[in-house]
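In: Could you look at this predicted model? Sequence included:
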Amino acid sequence: MEGSSGSSYNPQASELETLQKQHEEKTLKIQELKNQIEGVKLRLEKKQKQKKKDTPDERKEAFNNLSEKYNCLREEYNALLDERSRDQN
């Protein structure tokens, strides 16, 4: 009598391992993006507090650059979250 947990090759187990690895990689990437977003957010807030030290044009350019980077990271983060939630379903 053969059991389902024998030493024979199980393609479903291999697929499950692959999916688990992909899930872990996406989870790590999401965490990395969260950290990057938080870092950009803090730099943006810090830059806004340095208003007196920079000229208005420098402040505006720095703000725009940081805002653009923040938005790009946020979009990537949200896309990964959507992809992960679709994979889980």
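Out: Arrived safely. A quick note: this is a predicted structure, and the numbers were derived from the prediction, not measured.

In: gap between residue 79 and residue 32?
Out: As judged by C-beta to C-beta, to the nearest Å, residue 79 and residue 32 stand 14 Å apart. For every residue, glycine as well, the C-beta is placed using N, CA and C.

In: Tell me where the model's unsure across this protein.
Out: For the chain, the stretches flagged by pLDDT under 70 are 1-9, 51-54.

In: What are the boundaries of the helices in it?
Out: Residue ranges of the helices in the chain, as given by DSSP state H, are 11-49, 56-88.

In: I'd like these laid out as a markdown table, including mean neighbour count.
Out: Listed next are the helices of the chain as a markdown table, based on neighbours: other C-beta atoms under 10 Å:
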| stretch | mean neighbour count |
| --- | --- |
| helix 11-49 | 12 |
| helix 56-88 | 13 |
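
In: Centre-most residue in the protein?
Out: residue 30 (2.7 Å; C-alpha atoms, centre = their mean).

In: thought that residue was touching residue 80?
Out: Yes. Counting by C-beta atoms under 8 Å, residue 30 does reach residue 80; the two are 5.2 Å apart.

In: for the residue nearest to the centre of the chain, what are its contacts?
Out: Residue 30 makes contact with 77, 80, 81, 84, according to C-beta atoms under 8 Å, 6 or more residues apart in numbering.

In: show me the residues around the second one that make contact.
Out: Taking C-beta under 8 Å, 6+ apart as the criterion, residue 80 is in contact with 26, 29, 30, 33.
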